[in-house]
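Trainee: Model the structure of this input:
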Amino acid sequence: MSPASEPPAPPLPGAPDAPDPPRPPERAKSLLSPTFWVGLVFGLVCILLGVAIAVYGARLFPVKPAPAATAPAATKAAALPPPPGTRTAGSTLFEPAPAALPEAAAVSQPEGGGDVSAFNSRLDRIEAQHRATVNAAAAALAVSALADAAETSRPFVREVDALIRVAPASPDLQALRDLAAVGAPARSLLVAEFDTAAARAATASRAPGEVNGPLARITGAFAALVTIRRTSRLTGTSPDAVLARAERRVNEGDLQAALTELAALPPSGREAMATWSASAERRLAIERRIGAIRSRALADLAKAQGAG
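Mentor: Below is the predicted model of the structure:
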């Protein structure tokens, strides 16, 4: 066996390992491969193609003319007048004639200024009628409140002032305000006070005059202490008969007839009944004024409702 074929001797124990033989240097990889150059060229070609289409596309692909079927529609559109507010070839604004407007527009537009004026006049009349109705209703309510207040014995100036603010001025209303400052006794109070006033009137009517003798004066003095009035005698002209008829009228609610009866008393009897008679006359005056004002207020309300 030759020395070259002999196996290498085993390493001695404790000896260091032999170093590995050096490797041959690797070949560096190339970054600019053929694939890179092919992609770069393809991108440049696409860019140039897009630019050419954008610049010369209108020449290469011309727009085809519209079909012949659309010609009548275009002719019809050209025949229509331009919309309002546009300028024509003569540089003037186009204003459509009334006959050229559509049917719906012609209906919505007034035919002339007279229609608008008539509509405004009618609207003014409706508003005036409404105000008249409201005022008449307010006046009627104020009269009702006034009548309720006047039935009492207290003054009622506040209710009269409230009526003056909503009702037209009238002589009855002005006269009622003067009466309202004092008021008048209620009818029930006049009925209750009549008997006392009639007793004083009966006594005063029997009082002897200065021309009578001493006996008549003594009898009159006794009658002043003890008053006896016959209420059942209704006929005759005596003071008792006059007072009895007046009392009957008062109980029936006819104050005017009672005052007429009291006018037949002798002067002394009328003087004794003066306070009661003045209160009754004031009560009647208040009721007459209120009645006239109420009738006018109701008439105004009916007139306003009928007009409306």
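Trainee: In this structure Ala202 contacts Gly269, no?
Mentor: Yes - between Ala202 and Gly269 a contact is recorded at 7.2 Å, counting by Cβ atoms under 8 Å. For glycine as for every other residue, the C-beta is placed from the backbone atoms N, C-alpha and C.
Trainee: Tell me the residues that contact both of the two, please.
Mentor: Here Ala202 and Gly269 have Pro239, Leu243 as joint contacts, going by Cβ atoms under 8 Å, 6 or more residues apart in numbering.
Trainee: So, low pLDDT: which residues of the chain?
Mentor: Scanning the chain for pLDDT under 70 picks out the ranges 1-32, 55-114, 207-233, 308.
Trainee: got the domain boundaries for it?
Mentor: Structurally, the chain divides into domains by automatic domain parsing as follows: 116-180, 187-272.
Trainee: out of those domains, nearest to Arg283?
Mentor: domain 187-272 (6.5 Å; Cβ to Cβ).
Trainee: got the CA coordinates for stretch 269-278 in PDB?
Mentor: Extracted in PDB, the C-alpha atoms of stretch 269-278 (Å, rounded to 0.1, in the frame of the first residue of the first chain):
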ATOM      1  CA  GLY A 269    -148.600 113.000  53.900                       C
ATOM      2  CA  ARG A 270    -146.600 113.500  50.700                       C
ATOM      3  CA  GLU A 271    -143.900 115.200  52.800                       C
ATOM      4  CA  ALA A 272    -143.700 112.200  55.100                       C
ATOM      5  CA  MET A 273    -143.400 109.900  52.100                       C
ATOM      6  CA  ALA A 274    -140.800 112.100  50.400                       C
ATOM      7  CA  THR A 275    -137.700 110.000  51.300                       C
ATOM      8  CA  TRP A 276    -139.300 106.700  50.200                       C
ATOM      9  CA  SER A 277    -140.800 108.300  47.100                       C
ATOM     10  CA  ALA A 278    -137.300 109.700  46.100                       C
END
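Trainee: ok, and what's touching that stretch?
Mentor: So stretch 269-278 is contacted by 190, 193-194, 197-198, 200-205, 239, 242-243, 259, 262-263, 265 (Cβ under 8 Å, 6+ apart).
Trainee: Make TSV from the domains of the chain and add distance to Ser295 and mean neighbour count to it.
Mentor: Output for the domains of the chain, formatted as TSV (distance: least, Cβ to Cβ, whole Å; neighbours: other Cβ atoms under 10 Å):
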stretch	distance to Ser295	mean neighbour count
domain 116-180	10	15
domain 187-272	18	16
